[in-house]
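1. mind looking at a prediction? Sequence and model below.
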Amino acid sequence: KQEVTQIPAALSVPEGENLVLNCSFTDSAIYNLQWFRQDPGKGLTSLLLIQSSQREQTSGRLNASLDKSSGRSTLYIAASQPGDSATYLCAVRGEYSSASKIIFGSGTRLSIRP
Amino acid sequence: DGGITQSPKYLFRKEGQNVTLSCEQNLNHDAMYWYRQDPGQGLRLIYYSQIVNDFQKGDIAEGYSVSREKKESFPLTVTSAQKNPTAFYLCASIKDKSSYNEQFFGPGTRLTVL
């Protein structure tokens, strides 16, 4: 059974720092991995989607990497800003599980101090 | 504007009542999902549907029911059998017959039992 873990559960850094959020998964047979952002009381906003055949994806100040063999993905945020404060979740879609089942991590709550 | 809408934003239920949460999408997506989110936890899958008139139970389907009579709509009913329904409910969709498969979310419905 696929399990997705995000450590740490919370992170606080000063504005301007580069930072890395971690996501690990137990079954490397994945179809894709997606990173989301969630603001308090809101739905999830998609940030980046990495297919199983890809190693990384970039969008603006965000870069997501994927290492299937080690069961890890990282989300790198460059030059952090107070507006980046939110909860970040990763989600894994299994390659051989029921076609559309997606497993989420519990998220990392990020706080950027001005 | 293409997207996913959920209504109502806030819902209050008395003990013993059934309530229905609405989810509509105009993205022409094939698969639709319902998740439940509790404070400090990740998303847990309630039900999902890959095509019209077909749906599968997720990890926590007990006390919930769904229907998929139209491609655009996937309503969730929280029945009186659900013992602890107070939570944030999120609807999502995917264009399943696509090589990209990015999952999109609605804004959520917060359900409170009085």
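-> Perfect, thanks for sending it.
2. from here on, just use CA atoms for contacts and neighbour counts.
-> OK.
3. could you report the neighbour count for the nearest residue to A:Phe25 once chain neighbours are set aside?
-> Setting aside the residues directly before and after it, A:Phe25 is nearest to A:Val4 in space (CA to CA, 6 or more residues apart in numbering or on different chains), at 4.5 Å. By the criterion of other CA atoms under 10 Å in any protein chain shown, A:Val4 has 20 neighbours.
4. could you do B:Arg110 as well?
-> Around B:Arg110 there are 21 other residues, counting by other CA under 10 Å.
5. and for A:Ser59?
-> Using other CA under 10 Å, A:Ser59 has 9 neighbouring residues.
6. tell me what it is bridged to.
-> Under the criterion DSSP bridges, A:Ser59 forms beta bridges with A:Leu62.
7. is it correct that it is in contact with A:Leu48?
-> Yes. Counting by CA atoms under 8 Å, A:Leu48 is a contact partner of A:Ser59 at 7.3 Å.
8. now whichever residue of chain A sits closest to chain B. Nearest residue, chain neighbours left out?
-> Nearest residue of chain A to chain B: A:Ser106, at 3.7 Å (CA to the nearest CA). Counting by CA to CA, 6+ apart, B:Gly42 is the residue found nearest to A:Ser106 once chain neighbours are left out, at 3.7 Å.
9. same thing with A:Pro14?
-> Once flanking residues are discounted, A:Pro14 sits nearest to A:Arg113: 4.6 Å by CA to CA, 6+ apart.
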